[in-house]
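# missing the sequence, but the structure's below:
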């Protein structure tokens, strides 16, 4: 047995590592070391003689995937007693579900009816396409919310449904009728542009595996041992993909926590983890209850809160850590006072030695961030709102569009985006003629400009096939004249836009990011670069995080941990959200708000502050609120009131309110 195997593992973690054959369900509580357990399990498989390339591990975020990959490779590299040599060209395949879909669809593009260079529509691309469809149908995008339509289509694709099936059903309701008109036209745009949206990456992979036996059997031979993290968050399509990949031996290990299922609104089905033992008879079930993150006080509060849910597998988190501080509770008159309290207390903690980046402010809804941000700015406390992503910045998207358009000439959305960026004197009328097949009507001078633009795209495509990805991105920045546009070394200071330096810095940062793929063959490196840039999530900021307090929704905080956590807006109707009491939702969905609060509590290592406002302005209207029921669920002896002087804050007129 390897001298390093099982180091620092508790008894249940060791069981999970040792149970290598057949179906295994690991119920891992928050902070119970599940990533370490999966990594050690994979190392144990390699120790037993399983080739690393025969091991698949699926996670839900790029951040989690990167962390797991690094842990696994470090463990394999540093253990001298493994059955090696292991070629480090031969590694476990660790990815998100979406990245797995991209890998399979590119590798099996012919069988899937695609080209290897298909584009991936991000949310913004899909929104623009939906708007185009609405306009073509004579419907106003201002009164028919594209985001709502995208959400409906996305959730239904996650259930395995297509546009034809939706249109053929009798769903009733005006929105359903609008979706029935929009969805088929949206699919035509995707096909026209040789593109897939995020949900297609899963749906088409699932269809391919289910319908093509040879492809299915091929991947069953490639990956003999499969691990799926956060199994409670799988939707129907992800569930079916995992079933297709598992061979007769059923060597499937899923890890999850029913109490952390918080994504039903985007299709996650808690029944997948609840029914695991029915799907895979004889499964080994292991529960990880020892928490290595939080104090006893925080865990007792979290356990007490979640016990009220009925749809769960009973477990009780425990820790060998100290009792720790009591949970702080502060009630403010309004959201201005609440934000002032949070920003002031965060500033005080930072002065007393807590790292700013070890403090998080969590809230239920995005609109809460505005007043919080204002308070942090006014008090000069450093903060960062999670969700402003590097790959959403205009200059970054422009560069990526140049690359996508060069490889996929059918991508009209990319061509429209960059044909006049930087300005080439190609106006809107000309663009309409180009895409309306009336290019022959253009004057010779304009035809020459268009020919030069197309020659640039051809050059980019050729460079991408022979040079490294970082060299290709650098070529695009220079030859497209974006470097000059942003005031590069050959530009003129007088020509620089106010934010040109920042844009150029981001462009160069993209070159650095692309260099991660320079050790791969040029075409593979470019495809992997495009895949990863398309599949970034809110937690996947490219640049190194600054030393600042994190402001984010509870959903975005999943998988993260901090020394100090503020949970804001604990009011009835906000957290728990009013939808929890609606009659048309399932019992599983009704309990989701409590699971969400449980997730928020268990992000903290040392200290939790809870806050609420008696009056809150929501969508322009003042609402009088009752404190959240979750506050009263926590044993009184675990809570202490936190006094804060709100007198210096600017606020609306006081109301006489009692609870």
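Nice, thanks for sending it over. Note that the structure is predicted; figures quoted are calculated from it, not measured.
# residue 253: which element?
strand 252-256 (DSSP states H and E).
# what about the longest strand in the chain?
strand 604-618 (DSSP state E).
# buried set for that one?
Neighbour counts over strand 604-618 (16 or more other Cβ atoms under 10 Å) mark 604-616 as buried. For every residue, glycine as well, the C-beta is placed using N, CA and C.
# could you pull out the strands in the stretch 251-400 of the chain for me?
Assigned by DSSP state E, counting those that start in this stretch, the strands in the stretch 251-400 of the chain fall at 252-256, 284-288, 327-334, 359-363, 383-385.
# for those, give me CSV that also has mean pLDDT, distance to residue 108 and mean neighbour count.
What follows is these, written out as CSV (pLDDT from 0 to 100; distance: least, Cβ to Cβ, whole Å; neighbours: other Cβ atoms under 10 Å):
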stretch, mean pLDDT, distance to residue 108, mean neighbour count
strand 252-256, 96, 22, 25
strand 284-288, 97, 32, 19
strand 327-334, 95, 52, 20
strand 359-363, 97, 41, 27
strand 383-385, 90, 40, 19
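# dump the ones you listed into a markdown table; add distance to residue 106 as well.
As requested, those are arranged in a markdown table below (distance: least, Cβ to Cβ, whole Å):
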| stretch | distance to residue 106 |
| --- | --- |
| strand 252-256 | 24 |
| strand 284-288 | 35 |
| strand 327-334 | 49 |
| strand 359-363 | 37 |
| strand 383-385 | 34 |
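# indicate which one of those is closest to residue 121.
strand 383-385 (24.9 Å; Cβ to Cβ).
# doesn't residue 232 make contact with residue 255?
No - using Cβ atoms under 8 Å as the test, residue 255 is too far from residue 232 to be in contact (9.4 Å).
# low-confidence ranges, the stretch 451-600 of the chain, go.
Along the stretch 451-600 of the chain, the parts satisfying pLDDT under 70 run over 488-498, 537-545, 580-584.
# tell me which element residue 421 is part of?
Judged by DSSP H and E, residue 421 forms part of no helix or strand.
# need phi/psi at it.
Here is the backbone geometry of residue 421 (degrees, to the nearest 10): phi -130, psi 110.
# what's the burial count for it?
19 (other Cβ atoms under 10 Å).
# need the contact list for it.
Neighbouring residues of residue 421 by Cβ atoms under 8 Å, 6 or more residues apart in numbering: 398, 482.
# from residue 480, how far off is it?
In this view, residue 421 and residue 480 are 8 Å apart by Cβ to Cβ, to the nearest Å.
# residue 238 now?
Computed as Cβ to Cβ, the residue 238 to residue 480 distance reads 38 Å.
# these two - which one has more neighbours?
Set side by side, residue 238 and residue 480 show more neighbours around residue 238, with 26 against 20, by other Cβ under 10 Å.
# hmm, back to that, adjacent strands (with direction) for the following helix or strand past the longest strand of the chain?
The C-terminal neighbour of strand 604-618 among helices and strands, as given by DSSP H and E, is strand 621-624. Sheet pairing for strand 621-624, assigned by DSSP bridges, gives strand 604-618 (antiparallel).
# quick check: mean pLDDT of the partner strand?
With pLDDT averaged residue by residue, strand 604-618 scores 94.
# quick one: it to chain centroid distance?
Relative to its chain's centre, strand 604-618 lies at 25 Å (Cα atoms, centre = their mean, to the nearest Å).
# and for residue 504, nearest residue in space, chain neighbours not counted?
Excluding its sequence neighbours, the residue lying closest to residue 504 (Cβ to Cβ, 6 or more residues apart in numbering) is residue 486, at 3.9 Å.
# need the phi and psi values for that neighbour.
Main-chain dihedrals, residue 486, degrees, to the nearest 10: phi -90, psi 0.
# report the separation between it and residue 398.
Distance from residue 486 to residue 398, counting by Cβ to Cβ: 11 Å.
# residues in contact with stretch 460-468?
Outside stretch 460-468, the residues that touch it by Cβ under 8 Å, 6+ apart are 402-403, 406-407, 471-472, 475-476, 479, 514-515, 517-518, 522-523, 525-526.
# buried members of these into ChimeraX, please.
Remark: buried members of these, expressed as a ChimeraX selection using 16+ other Cβ under 10 Å:
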select :402,403,406,407,471,472,475,476,514,515,517,522,525,526
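# among the contacts of stretch 460-468, which lie within helices?
Using DSSP state H, the subset of the contacts of stretch 460-468 located in helices is 402-403, 406-407, 471-472, 475-476, 479, 514, 522-523, 525-526.
# tell me, how many residues neighbour the residue nearest to residue 405 when sequence neighbours are not counted?
Nearest residue to residue 405 in three dimensions, chain neighbours excluded: residue 414, at 4.0 Å (Cβ to Cβ, 6+ apart). By other Cβ under 10 Å, 26 other residues sit near residue 414.
# who are the contact partners of residue 414?
Residues in contact with residue 414 (Cβ under 8 Å, 6+ apart) are 119, 401-402, 404-405, 408.
# quick one, grab the pLDDT at it.
pLDDT, residue 414: 92.
# residue 151 now?
91.
# for it, what is the enclosing helix or strand?
Short version, using DSSP H and E: residue 151 is in helix 146-158.
# mind listing what's buried in the helix or strand just after that helix?
Following helix 146-158 in sequence order, the next helix or strand is helix 163-168 (DSSP H and E). For helix 163-168, the neighbour count (16+ other Cβ under 10 Å) marks 163, 166 as buried.
# which other helices and strands contact helix 163-168?
With contacts defined as 3 or more Cβ pairs under 8 Å, 6 or more residues apart in numbering; DSSP states H and E, helix 163-168 has these neighbours: helix 174-192.
# show residues contacting the helix it packs on.
121, 126, 129-130, 132-134, 136-137, 139, 144, 148-149, 152-153, 162-164, 166-167, 171, 195-197, 200, 410, 412.
# can you turn the buried part of those residues into a PyMOL selection?
Applying 16+ other Cβ under 10 Å to these leaves a buried subset, and the PyMOL line that selects it is:
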select buried, resi 121+126+129+130+132+133+134+139+144+149+152+153+162+163+166+195+196+197+200+410+412
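# if we can go back for a sec, so for residue 486 and residue 398, which residue has more residues nearby?
residue 486 (24 against 21).
# neighbours around the closest residue in space to residue 216 that isn't next to it in sequence, how many?
Spatial nearest neighbour of residue 216, excluding adjacent residues (Cβ to Cβ, 6+ apart): residue 209 at 4.9 Å. Per other Cβ under 10 Å, the neighbour tally for residue 209 reads 23.
# residue 219 is in contact with residue 209, correct?
Yes - if you go by Cβ under 8 Å, residue 209 and residue 219 touch, sitting 7.2 Å apart.
# shared neighbours, these two?
Both residue 209 and residue 219 are in contact with 104, 244-245, where contact means Cβ under 8 Å, 6+ apart.
# what about the top helix by length along the chain, distance to the chain center?
If you go by DSSP H, the chain has its longest helix at helix 444-466. Offset of helix 444-466 from its chain centre (Cα atoms, centre = their mean): 35 Å.
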